[in-house]
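Peer 1: build me a model from this:
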Amino acid sequence: MSLLAVDQEKCHRDGICAEVCPARIIEFKGNDAFPSLVDGGDKICISCGHCVAVCPYGAMSHTIMKPEECQSVNEDWLLGPEQVEHFLRYRRSIRNYKNEQVEQGTLTKLIDVARFAPSGHNFQPVKWLVIYDQDAVQRMAAFVIEWMRHLMKEDSPLVAAMHLNRVVSSWEEGNDPICRNAPHIIIAHAHKEDRTAPVACTIALTYLELAASSFDLGACWAGYFNAAATLWPPMQQELGLPEGNVNFGAMMVGYPKFKYHRLPLRNDAEILWR
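Peer 2: Numbering: from 1, shown residues only. This next block holds a predicted model:
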C-alpha cells in the first residue's frame with residue numbers, strides 16, 4: 001500500500017500539500033499530474049499529517065491517518081490575541097491542593113491533550129508515569145528529602161544554591177515542601193539516548209500544565225522532585241522506569257485549594273532586533 005493516497009475526484013491539484021510538507025517528499029510530475037511521493041519518500045516521511053490536515057477538500061490520505069479520522073478545525077473555538085493573552089497570564093503555579101483525588105479518567109484525558117505537543121522530527125518520544133496514590137507521592141517525597149540530607153552530609157554546593165537546609169527543616173516540622181501535598185505526580189520520561197527527548201518532554205509537560213485549568217485542575221513543576229529523580233539512584237530505582245528511560249520532568253497535579261482573581265505583573269520583555 002502506498003504511503004499516500006489521493007482522491008482524484010476531490011483533489012484540486014493546487015500544490016498546497018507539497019508546499020507545506022516539511023520533508024519535501026510530495027511532488028507533481030506534470031501540469032496535469034496529481035500529487036505523488038518522490039522516490040524514497042516513504043523512508044523520509046515523518047508522519048506529521050500536514051498533508052492530510054492542510055488539504056481543504058479532504059483529498060489526501062496517509063497510511064496512518066485518513067481525513068475523515070482527523071477532527072475538523074472548529075473556527076468558532078479559535079482564540080483571538082486578547083483571549084490567548086488572558087489564558088496564558090491566567091496560568092498559575094498551584095502549590096495548594098484540596099485533599100481530593102482526581103479520577104484516573106480525568107488525568108488520562110489531560111495526558112491525552114498533552115500528547116499532541118510537538119517533538120523533533122515528530123519522534124513523539126514522551127512516555128508518562130503517573131504516581132497516583134497519595135501515599136506513594138509522599139513516599140517519593142521522602143526519597144527527595146533523603147537525597148537532600150545526603151547532599152548536606154557531603155557539603156554539596158547545591159545545599160546553599162537550593163536552600164536545602166530550609167527545605168529539610170520544613171519537612172521535619174510536618175510540612176511537604178517537596179510535593180506540596182499534591183495528590184498526584186505526573187512524570188514525562190523517555191529513552192536517555194533520544195536527543196529530542198529533553199525538549200519534547202518539557203514541551204509536553206507545558207501543554208499538560210496549560211491544559212490543566214480546563215479540567216478544573218491545578219499544576220506546578222516539581223523542581224525538587226525532578227532534581228532528585230535525575231540525580232539520586234535510590235529514587236531512580238524506586239521510580240522503576242523502563243530500562244534505558246530517564247525522567248525529564250515532573251508535575252504536581254490536583255484540585256486547587258484556592259482561586260486566583262487577578263493577573264500578576266511580570267518584567268517587561270527584553271528584545272533585541274537584528
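Peer 1: CA only for contacts and neighbour counts going forward, please
Peer 2: Noted.
Peer 1: contacting residues around residue 221?
Peer 2: 93, 249, 250, 251, 252 (C-alpha atoms under 8 Å, 6 or more residues apart in numbering).
Peer 1: report the buried members of these.
Peer 2: 249, 250, 251, 252 (16 or more other C-alpha atoms under 10 Å).
Peer 1: three-state assignment of the third one?
Peer 2: Using DSSP: H, G, I helix; E, B strand; the rest coil as the criterion, the local structure at residue 251 reads strand.
Peer 1: that one against residue 186, yeah?
Peer 2: Yes: using C-alpha atoms under 8 Å, residue 251 is in contact with residue 186, at 5.1 Å.
Peer 1: number of residues surrounding residue 214?
Peer 2: Residue 214 has 10 neighbouring residues, counting by other C-alpha atoms under 10 Å.
Peer 1: a helix runs through it, doesn't it?
Peer 2: Yes: counting by three-state DSSP, residue 214 is located in a helix.
Peer 1: ok, of the contacts of residue 221, which one's closest to residue 22?
Peer 2: residue 249 (28.5 Å; C-alpha to C-alpha).
Peer 1: is it true that residue 52 touches residue 66?
Peer 2: Yes: Residue 52 lies in contact with residue 66 (C-alpha under 8 Å); the separation is 7.1 Å.
Peer 1: which one's more surrounded, those two?
Peer 2: Neighbour totals were compared for residue 52 and residue 66, and residue 52 leads with 22 against 17 (other C-alpha under 10 Å).
Peer 1: name the element the more buried one belongs to?
Peer 2: Per DSSP states H and E: residue 52 is located in helix 50-54.
Peer 1: let's see that helix as CSV, backbone CA atoms only.
Peer 2: The C-alpha coordinates for helix 50-54 follow below in CSV (Å, rounded to 0.1, in the frame of the first residue of the first chain):
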residue,chain,number,x,y,z
HIS,A,50,0.5,18.1,7.5
CYS,A,51,-0.6,17.0,4.0
VAL,A,52,-3.8,15.5,5.4
ALA,A,53,-4.6,18.5,7.7
VAL,A,54,-3.9,21.2,5.1
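Peer 1: mutual contacts of residue 52 and residue 66, please.
Peer 2: residue 60.
Peer 1: list the contacts of stretch 251-258.
Peer 2: By C-alpha under 8 Å, 6+ apart, the residues outside stretch 251-258 that reach it are 94-98, 100-102, 179, 182-187, 205, 209, 216-222.
Peer 1: got phi/psi on residue 123?
Peer 2: phi -70, psi -30 (degrees, to the nearest 10).
Peer 1: name the residues that touch the helix holding residue 52?
Peer 2: Counting by C-alpha under 8 Å, 6+ apart, residues outside helix 50-54 touching it are 16-18, 20-21, 58-62, 65-67, 70.
Peer 1: so what pLDDT did the nearest residue to residue 45 once chain neighbours are set aside get?
Peer 2: The shortest distance from residue 45 to any non-neighbouring residue, by C-alpha to C-alpha, 6 or more residues apart in numbering, is to residue 23 (6.3 Å). Note for residue 23: predicted pLDDT of 95.
Peer 1: can you give me phi and psi for residue 23?
Peer 2: Taking degrees, to the nearest 10 as the convention, residue 23 sits at phi -90, psi -10.
Peer 1: so residue 43 versus residue 209, what's the distance?
Peer 2: 35 Å (C-alpha to C-alpha, to the nearest Å).
Peer 1: higher neighbour count, these two?
Peer 2: The residue with more neighbours, out of residue 43 and residue 209, is residue 209; 26 against 9, by other C-alpha under 10 Å.
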